[in-house]
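Visitor: Just to be clear, the model below is a prediction. Sequence and coordinates:
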Amino acid sequence: MSLTSPSAAPKLRHYIATFKERGNHIKSSRYLNALMGGDFEQADFVETQVHMRFAVANFSRPMALLMSRLPDLSDRLPILENVFDEHGRGKLGDGHDSTFRLLLERLGASRAQVEKCRPWPEILAYNTSLAGTACFESVHFGMAVFGMIEDLFGEAAFVTGESIVKRGWLPKDRVVHYPLHATLDNEHAEGFYRYLDAPYESDPKAALDIEQGLALGAHLIMTFFDDLYRARHRRAN
C-alpha cells in the first residue's frame, strides 16, 4: 500500500501526497536524472557513493536521539525497530553500512579508497542538520523530517538500484543495499507518519510543525543528492 493512501488519519496522508506531487522531488533531482539518463560517469557516481557512506553509517545515530525524546515506550518501538534494521537486526554483516560497503566494492571502489575517504563538507552538513533536528527541534517536527527523508530515499533507492543495472555497472543479482531500501524505507517512513497522524488532526500548532518538518526533510535529502552531483568530479589529493 502506498504511504500516501488514505488511512486512519487521511488528513495527513492527503497532505503528504499533495506535497510530494507538488514538489516532484525525484523527477526534478539532477543526481537521479543524470543517473537515469546516462549522463553520470561510473567513476563519478562511485566517488559520490563513497562519500555517501558516511551519511548511511550515521543515519541511525540522530534517529536514536530523536527516539529517546519520545515519552511513551509504545511510540518508541517503531523507531527502535528502524534502528535495529539499520544494524542488521543484530547481524552486523547485514547492517546498512556493511551492505553499502559491499556495494561499493562490487562497483569497483577499493577498500583503500573507502577507508582513506574524508567526507565532503556536504556530507557533514547533512549529518549535522539531522543531529540538530533530533536534539533541538520539537518531536513532531523531527519525526516529520525523518519520515519524509525515509519516504523519498525509498523512492530514490529504487531509481538508483534500477539505474545501476540499466547502465550495465552490475547485474541485478549483484546489486545490494538499494533494493532493500526501496521497500524497507517505505515501512520506516510509515513508522514516523503513524506517530504524527493524531496530532496532525487535533493540534494546529503540531500540524504546523509537522508540515514544516516534512518540507525540511524533503529539502535536506534532495539537496543532499544534488550537492553530491555538483561535487562528483572532486577527488581527494
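Guide: Noted; the coordinates are in hand.

Visitor: for whatever helix or strand residue 124 lives in, which positions count as buried?
Guide: Assigned by DSSP states H and E, residue 124 falls within helix 121-136. Residues 122-123, 126-127, 129-130, 133-134 are the ones in helix 121-136 that count as buried (16 or more other Cβ atoms under 10 Å). From N, CA and C alone the C-beta is placed, and that goes for glycine too.

Visitor: repeat for stretch 135-144
Guide: Neighbour counts over stretch 135-144 (16+ other Cβ under 10 Å) mark 137-144 as buried.

Visitor: what does stretch 34-45 give?
Guide: Neighbour-count burial for stretch 34-45, with 16+ other Cβ under 10 Å as criterion, is recorded at 34-36, 40, 44-45.

Visitor: Return the member of these nearest to residue 72.
Guide: Using Cβ to Cβ, residue 35 is the member of the buried residues of stretch 34-45 that lies nearest residue 72, at 40.8 Å.

Visitor: then the worst-scoring helix or strand of the chain on mean pLDDT to CSV, C-alphas only?
Guide: None of the helices or strands of the chain scores lower by mean pLDDT, DSSP states H and E than helix 73-86, at a mean of 82. Coordinates of the C-alpha atoms in helix 73-86 are reproduced here as CSV (Å, rounded to 0.1, in the frame of the first residue of the first chain):
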residue,chain,number,x,y,z
LEU,A,73,7.5,3.1,25.1
SER,A,74,4.8,2.2,22.6
ASP,A,75,5.8,5.2,20.5
ARG,A,76,9.5,4.4,20.6
LEU,A,77,9.1,0.8,19.4
PRO,A,78,8.6,1.5,15.6
ILE,A,79,11.7,3.7,15.7
LEU,A,80,13.6,1.2,17.7
GLU,A,81,12.8,-1.4,15.0
ASN,A,82,14.1,1.0,12.4
VAL,A,83,17.4,1.4,14.3
PHE,A,84,17.6,-2.3,14.7
ASP,A,85,17.2,-2.7,10.9
GLU,A,86,20.0,-0.2,10.4
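
Visitor: tell me which residues in that helix are buried?
Guide: Of the residues in helix 73-86, 75-76, 78-80, 82-83, 85-86 count as buried by neighbour count, 16+ other Cβ under 10 Å.

Visitor: On the three-state scheme, residue 187 is what?
Guide: Reducing the assignment to helix, strand or coil with DSSP: H, G, I helix; E, B strand; the rest coil, the entry for residue 187 is helix.
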